[in-house]
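Student: sequence plus predicted model, see below.
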Amino acid sequence: PRTGLFYVPTNHVCMDYEPFRVSYTAGQPYVGATLAMYPAPNSHGGMGNFIAWDADKGEIVWSLPEEFSVWSGALATAGDIVFYGTLEGFLKAVDANTGEELFKFKTASGIIGNVMTYKHRGKQYVAVYSGIGGWAGIGLAAGLVNPNDGLGAAGGYASLSDYTALGGQVTVLTLPN
């Protein structure tokens, strides 16, 4: 409420879409299209940003370019720090007013979950689940090499394996007093 901003993980993904007729099969994806995905032309070259949005003015206040779509949630704290995670596996803390990066920590795998905070015995902690999965992780998880596989995600996120690995864990960090 102090900043008046929303903190938004974003995707900037373009795609070529070629539809085809498909019959429904229970338990199988029912899409009927071949997709190719790639970063938006004339962008920073990545497929996502983490932004601060001023709803009153209808504009972006600051924007942090990311290599891949940002699929984690955002956690804004009373201390004007915002946490989010990246598909490469970084837990990041940024200044809520300026977007200046204050801290980052590399987890074992990509982050698509929400950052959380809690207090135990008077000490505050920040935690996040990491474990690349979902649609962006399908190529990595299934070993897909055809760029159109995984509804285009295999191609759009092909280089994700250069940055992270499969696996899952909870990373918990303690905050300084």
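Tutor: Thanks, I have the structure now. Numbering: from 1, shown residues only.
Student: okay, now residue 137: neighbour count?
Tutor: As a burial measure, residue 137 scores 23 neighbours (other C-beta atoms under 10 Å). C-beta: built from backbone N, CA, C; applies to glycine.
Student: residues in contact with the closest residue to it other than its chain neighbours?
Tutor: The shortest distance from residue 137 to any non-neighbouring residue, by C-beta to C-beta, 6 or more residues apart in numbering, is to residue 110 (6.5 Å). Contact analysis of residue 110 by C-beta atoms under 8 Å, 6 or more residues apart in numbering lists 85-89, 130-133, 136-137, 160, 163-164.
Student: closest one to residue 17 out of these, please.
Tutor: residue 136 (17.7 Å; C-beta to C-beta).
Student: can I assume the closest one is in contact with residue 72?
Tutor: No. Using C-beta atoms under 8 Å, residue 136 makes no contact with residue 72, being 11.4 Å away.
Student: joint contacts of those two?
Tutor: residue 112.
Student: the strands in this protein, which residues?
Tutor: Ranges of strands in the chain, per DSSP state E, are 5-11, 13-19, 33-39, 48-54, 59-66, 75-76, 81-85, 90-95, 101-106, 116-120, 123-130, 169-174.
Student: pick out the shakiest of those strands, pLDDT-wise.
Tutor: Lowest mean pLDDT within these: strand 33-39, at a mean of 77.
Student: quick one: that strand to chain centroid distance?
Tutor: Relative to its chain's centre, strand 33-39 lies at 18 Å (C-alpha atoms, centre = their mean, to the nearest Å).
Student: export it as PDB, just CAs?
Tutor: The C-alpha trace of strand 33-39 is given here as PDB (Å, rounded to 0.1, in the frame of the first residue of the first chain):
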ATOM      1  CA  ALA A  33      -1.800 -27.000 -33.300                       C
ATOM      2  CA  THR A  34       1.900 -27.000 -33.900                       C
ATOM      3  CA  LEU A  35       3.600 -24.100 -32.100                       C
ATOM      4  CA  ALA A  36       7.000 -22.500 -32.300                       C
ATOM      5  CA  MET A  37       7.900 -20.000 -29.600                       C
ATOM      6  CA  TYR A  38      10.600 -17.300 -29.400                       C
ATOM      7  CA  PRO A  39      11.400 -14.000 -27.700                       C
END
